[in-house]
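Enquirer: sequence first, then the predicted structure, then my questions.
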Amino acid sequence: MPQRAISAPPIASDDRPYRKWPALAVRNPAMPPDCPQLWAAVASVEPAIANGCAAKSTTASFDEYALDFRSAGNEISLTAPSCLDWRYRSCHLPHAHIELGRDGSGNIRRGTTPGNRMQLLIQTSTEATFCRLNGQDIRAGDIAVLLPGRKFVMATNGSSEWVVASISTDILAQIAFDILPSDFDSDAAVVSTPPSLLRQIKVVAGEIIDSLERPSEFRGEDRAVDKASSLTNFILTGLATGTAQVACGTPRVRGSSERALQRALDFLDGYRNGAIVVSKLCRAAGVGERTLLRSFHDFLGMPPGHFVKLRLLNTVRRALQSAAARGTITSLLADYNVTEFGRFAGEYKALFGETPSQTYSRQRAGASFPSH
């Protein structure tokens, strides 16, 4: 795969340059040399992070984990039975939001990043053999950058641990532009992060949350401010140096696949009649079956038909858990054009560890989510 070195370009006249960047997957092979822009950037972050800190932690089932993720207007679907607990810890600072998590199994998540924050995803470990963000491979040790207001699709087929730092564009946008190349219209930077830096990112992110959850032990907000500056330091270190790899395929082919996938997903978002034949999905996406198949494999790691089935299972589960659910379970399944109840119940139990009737009965009894 062709490579090119990352260097700091001159500042451009456009004062909002990050608008044109795609998601960037970044791996850093070595601790950085002296980088004046980096250290000046880190120094500017500390005074910007002030009071108003808050933190929370959750060790949960997929359903509880999904509630947190969906609260921001995003979507997550389970694609394989959970093999581990789902974990989520977060803290909010005025100019940054730090999250640590563990996905208990394969999943697909979709959404749009906040319009005023740049998101940096650090994959700290993974058991997945397929993990892609907007069609780009993400492996353990990678830093992925998502720009403000950017749609994203991330798919993984196994459990993984991660850190996300969402940092205000007021602080980070021009810093990142100073450090990264200015020509990332379609290509993605890929740089390996050394294990030592990866461990530091994970530990410091945890210490930030610890200091807010147990302020008497960790000096509370003062320590969180110090550690947030350190975390930004380590992340920018990963962005400042390394060897960039050009993403596979031409920009035209990648863009065509992404647009086809997005049209298909947009169509499915407004479709409630259960299963759908692939030919109808092709018409909605405006592409042939081969192109649609390639788009789904490149971005989601599965064919369209399998995605549609998983989407139906997840959609029905949310409907069964809804406080607005009424009537019999048969009538509710019929609303989603589910006719083969026995087969559907078997597939549902294989994915979620319980039958549709068990989900519905627990919801009506007001019981908590299962521990799967």
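Expert: Done, it's in.
Enquirer: from memory residue 268 sits against residue 312, does it?
Expert: No. With contact taken as Cβ atoms under 8 Å, residue 268 and residue 312 are classed as non-touching, separated by 9.7 Å. C-beta: built from backbone N, CA, C; applies to glycine.
Enquirer: so the two - more neighbours on which side?
Expert: The neighbour count for residue 268 versus residue 312, taken as other Cβ atoms under 10 Å, is higher for residue 312 (22 against 18).
Enquirer: list the buried residues in the helix or strand where that one lies.
Expert: Applying DSSP states H and E as the criterion places residue 312 in helix 304-321. Of the residues in helix 304-321, those with enough neighbours to count as buried (16 or more other Cβ atoms under 10 Å) are 304, 307-317, 319-321.
Enquirer: how about that helix as CSV, C-alpha atoms only?
Expert: As requested, C-alpha coordinates have been extracted for helix 304-321 and formatted as CSV (Å, rounded to 0.1, in the frame of the first residue of the first chain):
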residue,chain,number,x,y,z
PRO,A,304,-27.6,-6.6,2.3
GLY,A,305,-30.0,-9.5,3.1
HIS,A,306,-28.3,-10.3,6.3
PHE,A,307,-28.2,-6.7,7.4
VAL,A,308,-31.9,-6.3,6.8
LYS,A,309,-32.6,-9.4,8.9
LEU,A,310,-30.5,-8.1,11.8
ARG,A,311,-32.1,-4.7,11.5
LEU,A,312,-35.5,-6.2,11.8
LEU,A,313,-34.6,-8.2,14.9
ASN,A,314,-33.2,-5.1,16.6
THR,A,315,-36.2,-3.0,15.5
VAL,A,316,-38.7,-5.5,16.9
ARG,A,317,-36.7,-5.7,20.1
ARG,A,318,-36.9,-1.9,20.6
ALA,A,319,-40.7,-2.1,19.9
LEU,A,320,-41.2,-4.9,22.4
GLN,A,321,-39.3,-2.9,25.0
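Enquirer: just the buried positions in the helix or strand following that helix, please.
Expert: As assigned by DSSP H and E, the chain's next helix or strand after helix 304-321 is helix 329-335. In terms of neighbour count (16+ other Cβ under 10 Å), helix 329-335 has its buried residues at 329, 332-333.
Enquirer: the strands in this structure, which residues?
Expert: For the chain, the strands defined by DSSP state E cover 3-5, 24-26, 54-60, 75-78, 86-93, 96-103, 107-112, 117-126, 131-133, 136-137, 143-146, 151-156, 160-168, 243-245.
Enquirer: can you redo these as TSV with mean neighbour count, mean pLDDT and distance to residue 195?
Expert: Listed next are the strands of the chain as TSV, based on neighbours: other Cβ atoms under 10 Å; pLDDT from 0 to 100; distance: least, Cβ to Cβ, whole Å:
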stretch	mean neighbour count	mean pLDDT	distance to residue 195
strand 3-5	11	36	21
strand 24-26	26	46	16
strand 54-60	15	66	26
strand 75-78	20	95	29
strand 86-93	21	83	22
strand 96-103	21	87	18
strand 107-112	20	94	26
strand 117-126	22	84	10
strand 131-133	23	89	18
strand 136-137	18	84	19
strand 143-146	27	80	14
strand 151-156	21	92	21
strand 160-168	22	87	14
strand 243-245	19	47	17
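Enquirer: rewinding a little: of the buried residues of helix 329-335, closest to residue 362?
Expert: Proximity of the buried residues of helix 329-335 to residue 362 was ranked by Cβ to Cβ; the top entry is residue 329 with 12.1 Å.
Enquirer: isn't that closest one right up against residue 360?
Expert: Yes. Proximity of residue 329 to residue 360 meets the contact threshold set by Cβ under 8 Å, at 4.9 Å.
Enquirer: what do those two both touch?
Expert: Residues touching both residue 329 and residue 360 comprise residue 320, with contact defined as Cβ atoms under 8 Å, 6 or more residues apart in numbering.
Enquirer: what stretches of the stretch 201-350 of the chain score poorly on pLDDT?
Expert: 215-225, 238-254, 273-275, 323-324 (pLDDT under 70).
Enquirer: how about the helices of it, start to end?
Expert: For the stretch 201-350 of the chain, the helices defined by DSSP state H, counting those that start in this stretch cover 215-218, 220-240, 251-269, 278-285, 289-300, 304-321, 329-335, 341-352.
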